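**Q** coordinates only, sequence not included:
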């Protein structure tokens, strides 16, 4: 299983320090922002990058009714083509514009890039939409985990989604699915996690124990003196887990 | 040893039930202490978190510790009770009834410690199977959409909330 590392905590320094040979083994999930030239070379260097549309962070502080989504999709498509990105996520802004409009924007994105984006299934889309997407697309994602739209008691249904996708030879990504203890029973093709960034924020040290990453909290009353060093260390430990997961989950 | 020297298991797989905890307290009040608990070398409770919680509420203060390395069975001998008495039979009933009523698995904690196969070996079946009807109900009930005009939005990917 591919575990894409998402989020940003001294990532620029970390990737520079790791060097291209090591970076070429990595799977990352990045968010599309219009002005971040430093990362662009890494789309080619990394083993694979999934690009998220960034539509939600783009809306921050804006009058949503005035956002020109046509223009946004065009810029997003341009970026995908320019950087030859194979895996990129649709604008799943159902909560803002409705599913019909999301589908229209998806089609536009598809036409502009001449490749398929990754649709993200949300519960509000219903069963039929999922069953159609697994037929129409090679790679789909299950969303809503980060905002707890999936209640714990509903996790048992995830297996059904995975089976339906695989029945159609479609890959399935658990977007923000960080329940790592379930990953050896739930056969997602990929998931992403920004957990590696949490340690440097709260001063805890990540350690890959050969099967999972454990976090060692700093002692009460102590302070982390070098956050970028900690971020580098934690990223490294998570990348070890990523390599292990690739062949063992 | 004093009861407050014991340490509760922070990964206790049993969430306990209100009814079960009530029965434990009732039994301690009416019958006194019965079966022993199990602690590790550092006084962490391996088994018996519920009974110690109930004993604390009822007012027990002292713990008699029998040290062992697992090669002998430790029996608690109640010298004041005969099995063939009303009280003896009541204790036997209470012992079984409390065990049954006070168990509620903490599935999240179990899943984080054990594989499903290991749990099955112990007869612990989590609610991972479902019927077609349950699946249909899951799709039917959409409790995720918000009909009100939103003032803030939450990114479904990272969980961050944005003012709009």
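**A** Happy to help now that I have it. Everything numeric in this text was worked out from a predicted model, so none of it was measured.
**Q** Contacts only, for residue A:51.
**A** Going by C-beta atoms under 8 Å, 6 or more residues apart in numbering or on different chains, residue A:51 touches A:29, A:30, A:31, A:32, A:43, A:79, A:80, A:85, A:87, A:88, A:89. (Glycine included, C-beta is placed from N, CA and C.)
**Q** now with 10 Å?
**A** A:28-32, A:43, A:76, A:79-80, A:83, A:85-89, A:117-118 (C-beta atoms under 10 Å, 6 or more residues apart in numbering or on different chains).
**Q** Which PyMOL command selects the buried ones in those residues?
**A** A single PyMOL command is used to select the members of the contacts of residue A:51 judged buried by 16 or more other C-beta atoms under 10 Å in any protein chain shown:
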select buried, chain A and resi 28+29+30+31+32+43+76+79+80+83+85+87+88+89+117+118
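**Q** Please name the bridge partners of residue B:62.
**A** Beta-bridge pairing for residue B:62 (DSSP bridges): residue B:2.
**Q** where's it relative to residue B:33, distance?
**A** 10 Å (C-beta to C-beta, to the nearest Å).
**Q** ok, those two, which is more surrounded?
**A** With neighbours defined as other C-beta atoms under 10 Å in any protein chain shown, residue B:62 and residue B:33 compare such that residue B:33 has more, 17 against 9.
**Q** Contacts made by stretch B:98-107 with the rest, please.
**A** A:152-153, A:155, B:11-28, B:34-35, B:50-51, B:54, B:111-112, B:119, B:124-128.
**Q** Can you name the element that comes right after the helix or strand hosting residue A:73?
**A** Applying DSSP states H and E as the criterion places residue A:73 in helix A:69-82. Using DSSP H and E, the next helix or strand after helix A:69-82 towards the C-terminus is strand A:87-88.
**Q** For that next one, what is the distance to the chain centroid?
**A** 10 Å (C-alpha atoms, centre = their mean, to the nearest Å).
**Q** So which other helices or strands are in contact with the following helix or strand past that strand?
**A** Sequence-wise, the next helix or strand downstream of strand A:87-88 (DSSP H and E) is helix A:94-97. Applying 3 or more C-beta pairs under 10 Å, 6 or more residues apart in numbering or on different chains; DSSP states H and E, we find helix A:94-97 packed against helix A:55-59, helix A:99-113, strand B:152-154.
**Q** coming back round to it: list the residues that contact both of residue B:62 and residue B:33?
**A** By C-beta under 10 Å, 6+ apart, the residues touching both residue B:62 and residue B:33 are residue B:55.
**Q** could you pull out the strands for the chain?
**A** Since no chain was named, I'll use chain A. Under the criterion DSSP state E, strands of chain A are mapped to A:2-5, A:27-31, A:48-52, A:87-88, A:120-121, A:139-142, A:171-174, A:190-193, A:205-208, A:213-216.
**Q** right idea, wrong chain: chain B
**A** B:38-39, B:45-47, B:152-154, B:161-163.
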